[in-house]
Every structure is written in C-alpha cells, then in structure tokens.
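S.K.: Pasted the sequence and its predicted model underneath.
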Amino acid sequence: MNQSKRIAIVAALEDEIAQILSNMTITESKLLAGRKFWLAVHHDREVVVVLSGIGKVAAAITTVCLIENFEVSQIVYTGVAGAVSEALNVGDIVVGTRFIQHDMDASPLFPRFVVPGYPTHYFEAEPQLAMNLKEASEKALMGLANVVRFDGLFKLRSAQVHSGTVLSGDQFISSSSVRDRLRREHPGALAVEMEGAAVAQVCKDYGTQFGMVRTVSDSAEEQAEKDFSLFLSSVASQYSALIIKEYLKLC
C-alpha cells in the first residue's frame, strides 16, 4: 500500500461521483459536518471521496474538513461546467489552471474580482497536478467511445482537452447575455461552474495541492438547464470516472 497522504476526490453532485465510487474498494465511511466521506483504495492509492454540495460555501467547508481530518496531500475536483469560450463544445474536457470568483466585487475598496487580502484576482492550480489531469483526460478520451452511449441526446463533436481559466460563482449560468458578459469581463476564460475558486482559495491558505477537471455539459445559455440535466445523467459520470481512474495511475 502506498503510504503517502490520501488523494481527495470531490464533486458537487451525486451523479458526478457515483461511477467513481463504483470503481473503488471502499474500506470505511465517516460522517462529518453533514457530509459522508468514503475512504477507499484505488490503484494502490489511499483515496477519500466526498460530495461537497453546490456552491462556494459548501465547497469551502468540505475542503477544510478534508484537510483538517483526513490528511490529504491533494484535492481533485471533478464534475461538469458550462462553456464560456466559443472554442468549447459539449463533451470537451477542461482542466483548470487558474480560478476566478466572477461574482466577487468589493469595489471601490478593492479591485473587482480580487478577494480582499490576496494580491491578485485568481488562484492557481498546482502545475504538475494540472499537467497530470490533462494527460489523464487525453488518455480517457481515447477510451470513451467504448464506454459512453450518447443515444442521440447530444450531437457531440470529437471531444478535446483544454487547459486554462475557469470562473466560479454562486450562480447557475443559463443566459446567453450573462455568458457573453463573462466573456467580456474575463477574456480567455474557458468555462464557468460554482465551486472551483473557493476550493482553490482554501487550498492556497493551507498549502494543499489543488486541481480541477470538468466536462462541458452545456453552453451556459437558455438551453443550459435541460442540457445540463441530460448530460449529467447520461454522460458526465462516466467521463469523470474514467478520467479519475487514469489520473490515479499517474500518481
């Protein structure tokens, strides 16, 4: 057994971790702060898997619980996200390299998007962790054609892996006008979700390695709610499970 500290695998929704758990040997579960933490073994690595709940506060609480109670060396957040960049298609994979709270605004006391007390408006992923997630995602895509059944729900183009900026906020983006505003305010941003920047902030404070990989489920516009639900139930859980499986092989 690899005796290094545990790797934490976190997602916001049950469908995002169900398949991940089914691939692991669960040794124990613990309840803490209203959350169930599954201790498991996968590819000779000690892993803890947890459902964080939705939003920045829920994700931050979960992150603190992981760091202070489970001796994790790194935290990997997985799940789905909405596309901000026009270069992304449904089914693409996004590996976050830096994270911005797009709903943070303490101006005029502080520059917009800057969390007070920090020197810049973004938090970074651990570079090697992000590189490993990118490699794992590329390997996972090679096998996805044999794993995922699309059943005509999505006209998916050849999926690609992208690395870059991810936006986080306590909003589910389902408006093309809001999405377009995010594009203008954060040129080059790839995707938007609701937890990543908060987890990155807590990990920075604790000195814990952090990385995130998300599958694009929708285009963050008026059809987003329908696309999100269908994609989550039919595709996303298998994406996440295969990516995490490949990632743990690299650790």
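M.R.: On my side now, so go ahead. Numbers count the residues shown, from 1 in each chain.
S.K.: I figured residue 29 hits residue 36, correct?
M.R.: Yes - the pair residue 29 / residue 36 is scored as a contact, 5.7 Å apart, by CB atoms under 8 Å. To be clear about C-beta, it is placed using only N, CA and C from the backbone, and glycine gets the same treatment.
S.K.: Okay, now the sheet partners of the lengthiest strand in the chain, with direction.
M.R.: In the chain, taking DSSP state E as the definition, the longest strand is strand 72-83. When pairing is defined by DSSP bridges, strand 72-83 lines up against strand 6-11 (parallel), strand 191-193 (antiparallel), strand 209-218 (parallel).
S.K.: contact partners of the second one?
M.R.: When contacts are defined by CB atoms under 8 Å, 6 or more residues apart in numbering, strand 191-193 is touched by residues 79-85, 88, 94, 102, 166-169, 173, 179, 182, 214, 216, 220.
S.K.: what's the answer for the first one, then?
M.R.: When contacts are defined by CB under 8 Å, 6+ apart, strand 6-11 is touched by residues 17, 20, 39, 45-52, 59, 62-63, 66, 70-79, 199, 240, 244, 248, 251.
S.K.: could you say what helices and strands the following helix or strand past it packs with?
M.R.: Next helix or strand after strand 6-11 toward the C-terminus (DSSP states H and E): helix 14-22. On a contact count with 3 or more CB pairs under 8 Å, 6 or more residues apart in numbering; DSSP states H and E, helix 14-22 meets strand 6-11, strand 45-51, strand 72-83, helix 237-250.
S.K.: right, and these - which one's nearest residue 159?
M.R.: The closest of these to residue 159 is helix 237-250. By CB to CB, the value is 8.7 Å.
S.K.: residue ranges of the helices in the stretch 151-251 of the chain, please?
M.R.: 176-185, 196-206, 224-231, 237-250 (DSSP state H, counting those that start in this stretch).
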